[in-house]
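*Asks:* take a look and give me a structure for this.
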Amino acid sequence: MRTLTKLDAPSRETTDLDDATTRVREEQRGRIKGDGPLARDAQPHTAVSHQHAQAHESAVKHVTGRAAYIDDLKAPADCLHLALGLSPVAHGRLTRLDLDKVRAIPGVVDVVGFHDVPGHTDIGPVFPGDPIFVDEAISYAGQVLFAVAAESHRAAREAVQAAVVEIDEQPASLDPVAAAERGEFVRPTHVQQSGDLEQALAEAAHVIEAEQFVGGQEHFYLEGQACLVQPTEDEGVIVHTSNQHPSETQKLVAEVLGIPFHAVTVEVRRMGGGFGGKETQASPWACIAALVARRTGRATRVRLPRAEDMRVTGKRHPFHNRYRLGIDAAGVIQGGEITVIGDCGYSPDLSEAIVDRAMFHSDNVYSLGAARVTGHRARTHTASNTAFRGFGGPQGMMVIEAAMDEIARRIGEDPLTVRKRNFYRPGRQTTHYGQQVDQIALLEELVEQLEASSDYWARRQTITAFNAESPVIKRGLALTPVKFGISFTAKHLNQAGALLHVYTDGSVQINHGGTEMGQGLHTKICQVVARELGLDLATVRITATRTDKVPNTSPTAASSGADLNGQAARDACVRLKQRLFDFAHEHLYTDQGLDREDMRLEAGHLVAGHGESERRIPWGELVQAAYLNRISLSEKGFYATPLIHYDRATGQGRPFYYYAFGAAVAEVSVDTLTGEYQVDRVDILHDVGDSLNPAIDLGQVEGGFIQGMGWLTSEELKWNEAGRLLSDGPATYKIPTFGDLPPVFNVQLLEGHPNSMASIYRSKAVGEPPFMLGMAVWSALRDALASLADYREAPRLDTPATPERVLLAAEALRARHSDWPPVGRSDTP
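*Replies:* Numbering: from 1, shown residues only. Predicted structure coming up:
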């Protein structure tokens, strides 16, 4: 069961893709055969089509197999294939690397290693520490020692096995807590503080403290790491890559080759999923392929097998969290301290910003009072952990959500009651890092609406009564809210560019710096352009993201894709419109007395005036007339997010332009004799401001929730004692499947609350915030287990909350609360 707010009326239009495609094709054929948009009636128009829920711009291609991904791209007949030689140990020193036998194998064309790199050998994206190949020090199992280029993929993979590798293996450091205690960090510790926390703790009615382990997560994108690099006629290369950050890849490839940035062009049409795993960690493969392409003069392709992909790339950071909080008699937090330790792997990568964001979100929606939040970035001998949907925010939120459940059990009240008491509120709406939380009334209304629509309190009574009579199967219920800050916390990344072309037949092409990974960004940008120019959506075409069209772009990350690139595309449209209006006023409406400021583009026409004085010119005629009068029909746009700032020295500022909110209610059933459980029902209400595209936004909310649920329940990463990843494929690493969907799954978008900030059409970001809605499932599992102790204790439940962990938590509760159930009741079936 699914509730699709804002979608009920046009559902046929958004689901019948074949009919929609047929209509578009007929319209396109009509323009080609006839006079095109220059004819008054040639171009069909739907005045508000851009405001409706629209299908993804590549949806038909996705479901028919015509969407081209990297491995689908045609390559020259002499294209080379790469395979990687990887370290089998997590920590050691490379003492011998003999590749002579590799070079002698038939089909091998080139073999490259550390000493074959003409330019930079360190490809760290922000801070140094990521060698393209091992020189001597080995820091994780899977680190690249060398690469083989051969005539076929199979030949390259077989040749790798002929290498003679000798390593002086050393003990691996795999415990981030122990690493932190030894002072082994990839970046310095950071602290944020507000108020006198020691006084708050001293005066508190209760002090609660606990710790938790929050596991990592594999990105498991459907399309693995892949690229195709072609040498150009000069010293450069063209890189086709599955990549969230083309400009960074351009920079790193150029530096590795020792050539100017302008000699490298990076193109991304689409990715088969990214989730953050292709923000920095798609670049190494492009750098290696580009090195081979320049050395051999031949196109070079990289396609990592799934198991290899999982071994060589980083994951979501595992975290170890601790808290000590002082509360009053009503369970309201007065102050305290929170410590988060991120397991960063062997190098910095993006860990500084990721742990920062965990710190920023350690409050979630709750006022911490006088608080100190400390973030450590521990170094371990694993692949360098990296960006993943939420970027540290989910791990930070987990610590305070754990505390909310603990407070509720301590004072004997429902967890939802305690959560609401601790919400940001008038008089206490400043975060521990100094930012004011706006739209706090929106959060209260959202939770109240969800309470009512999910029938929370009636279900709570029913579940409590059920648990009192059921000795084995225990049910749990939880409502958890989300507040997620929107902006890159690195200020300079909050900028975007766009390039707009209008052709003389009236068709429009838009290019921007964002990348498409299935999230619908390109669709939304097309809708922005269609809306600004008053055109039908079919008139606007998006093109592949390329560094030679829009330069110096930011990664598509931090949920900022539509915010930044939508504003840049709108800026280009507004500039072009003003130029066309000036032209029309001077040349087309001469002596008609029409107000220049009253001109507008709507329904495929330039319109001036109102009522009887209204004048309309078809878009195509306007464009043709402008061209004949030598008016430029091309424009660039740019946008930089205002107001944001953060001072690391003081730990204070306004790092986020605004916050997105949401909440989820989850109900679970747990077999306390086996630890097995199922999610019975989920209700979600999510804040997207004025949605740019409700169909896409609902998909993001649903998918984000399921991915978040998987992170906290079934997706377990396992390494052996030597530091080798064991969960390196779908047989050993379990993402949610269709069968894991809750039988009742109600998803709604909050109505009537536009963004309070001047975002694109008052919408809100939707990529990352829904991910954290999955916390409701974890909290519901703890609620079910708490019934074993008459709701007097919130059990520790580290994540992922696998059936094994749930069973161990149940057994521990029973052992500690042998006095429950009371005499006369049996706890055996």
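*Asks:* going forward, measure contacts between C-alpha atoms and count neighbours the same way
*Replies:* Noted.
*Asks:* can you report how many residues neighbour residue 106?
*Replies:* When neighbours are counted by other Cα atoms under 10 Å, residue 106 registers 12.
*Asks:* cool, and residue 762?
*Replies:* Residues contacting residue 762 under the criterion other Cα under 10 Å number 17.
*Asks:* heads up, I number from 23, so please use that
*Replies:* OK, 23 is where the count begins now, so the last one is residue 784.
*Asks:* quick check: it vs residue 469, distance?
*Replies:* Between residue 784 and residue 469 the distance, using Cα to Cα, to the nearest Å, works out to 21 Å.
*Asks:* just residue 302 next, same as before
*Replies:* Here the distance between residue 302 and residue 469 works out to 37 Å (Cα to Cα).
*Asks:* residue 499 in helix, strand or coil?
*Replies:* With DSSP: H, G, I helix; E, B strand; the rest coil as the basis, the three-state label of residue 499 is strand.
*Asks:* my guess is it meets residue 482, correct?
*Replies:* Yes. The pair residue 499 and residue 482 qualifies as a contact (Cα atoms under 8 Å) at a distance of 6.9 Å.
*Asks:* ok, these two, which is more surrounded?
*Replies:* For residue 499 versus residue 482, neighbours defined as other Cα under 10 Å are more numerous around residue 499 (29 against 17).
*Asks:* can you give me every residue that contacts that one?
*Replies:* Applying Cα atoms under 8 Å, 6 or more residues apart in numbering, one finds that residue 499 lies in contact with 482, 485, 687-690, 801-803, 805-806.
*Asks:* ok, those residues vs residue 707, which is closest?
*Replies:* Using Cα to Cα, residue 687 is the member of these that lies nearest residue 707, at 9.0 Å.
*Asks:* so what are the domain limits for this protein?
*Replies:* 463-509+668-851, 517-662 (automatic domain parsing).
*Asks:* how far off centre is the last one?
*Replies:* Once both centres are worked out by Cα atoms, centre = their mean, to the nearest Å, domain 517-662 turns out to sit 28 Å from its chain's centre.
*Asks:* what about it, start to end distance?
*Replies:* 4 Å.
*Asks:* what ranges does the stretch 323-472 of the chain have for its helices?
*Replies:* Read by DSSP state H, counting those that start in this stretch, the stretch 323-472 of the chain holds these helices, from start to end of the chain: 328-334, 373-382, 415-433, 437-443, 462-476.
*Asks:* out of those helices, nearest to residue 658?
*Replies:* Short answer: helix 373-382, nearest of the helices of the stretch 323-472 of the chain by Cα to Cα, at 30.4 Å.
*Asks:* which other helices and strands does the closest one contact?
*Replies:* In this structure, helix 373-382 makes packing contacts with strand 207-216, strand 355-365, strand 392-400, helix 415-433, judged by 3 or more Cα pairs under 8 Å, 6 or more residues apart in numbering; DSSP states H and E.
*Asks:* in helices only, show me the contacts of residue 499.
*Replies:* Among those, DSSP state H puts 482, 485, 801-803, 805-806 in helices.
*Asks:* which of these lies closest to residue 390?
*Replies:* For these, with residue 390 as the reference and Cα to Cα as the criterion, the closest is residue 801, at 19.9 Å.
*Asks:* who does the nearest residue to the closest one once chain neighbours are set aside bridge with?
*Replies:* If you skip the residues right next to it in sequence, residue 801 has residue 500 as its closest partner in space, 5.8 Å away by Cα to Cα, 6 or more residues apart in numbering. The residues paired with residue 500 through beta bridges, assigned by DSSP bridges, are residue 688.
*Asks:* got it, and residue 170?
*Replies:* Beta-bridge partners for residue 170, by DSSP bridges, are residue 105, residue 133.
*Asks:* ok, it - contacts?
*Replies:* For residue 170, the contact set (Cα under 8 Å, 6+ apart) comprises 104-107, 124, 130-134, 178-179, 181-182.
*Asks:* please apply the same query to residue 802.
*Replies:* Applying Cα under 8 Å, 6+ apart, we find residue 802 in contact with 498-500, 688-690.
*Asks:* likewise residue 206?
*Replies:* 400-401.
*Asks:* for residue 324, see how far away residue 110 is.
*Replies:* Distance check for residue 110 against residue 324: by Cα to Cα, it reads 21 Å.
*Asks:* check residue 785 too.
*Replies:* With Cα to Cα as the criterion, residue 785 and residue 324 are 38 Å apart.
*Asks:* that older thread, which one of the helices and strands packed on helix 373-382 lies nearest to residue 823?
*Replies:* Residue 823 lies closest, by Cα to Cα, to one member of the helices and strands packed on helix 373-382: helix 415-433, at 12.9 Å.
*Asks:* can you give me the buried ones in the closest one?
*Replies:* Along helix 415-433, these residues count as buried under the neighbour rule (16 or more other Cα atoms under 10 Å): 415-433.
*Asks:* so residue 90 sits in a helix?
*Replies:* No. Under three-state DSSP, residue 90 sits outside any helix and is assigned coil.
*Asks:* residue ranges in this structure under the pLDDT threshold?
*Replies:* Counting by pLDDT under 70, the chain contains low-confidence ranges at 23-73, 612-616, 842-851.
*Asks:* coming back round to it: can you list the ones in helices among the contacts of residue 499 in JSON lines and add distance to residue 216?
*Replies:* Converted to JSON lines, those look like this (distance: Cα to Cα, whole Å):
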{"residue": "482", "distance to residue 216": "36"}
{"residue": "485", "distance to residue 216": "40"}
{"residue": "801", "distance to residue 216": "28"}
{"residue": "802", "distance to residue 216": "32"}
{"residue": "803", "distance to residue 216": "33"}
{"residue": "805", "distance to residue 216": "32"}
{"residue": "806", "distance to residue 216": "35"}
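*Asks:* what's around residue 94, how many residues?
*Replies:* Using other Cα under 10 Å as the criterion, residue 94 is surrounded by 9 other residues.
*Asks:* residue contacts, it?
*Replies:* Shown here is residue 94, which makes no contacts under the criterion Cα under 8 Å, 6+ apart.
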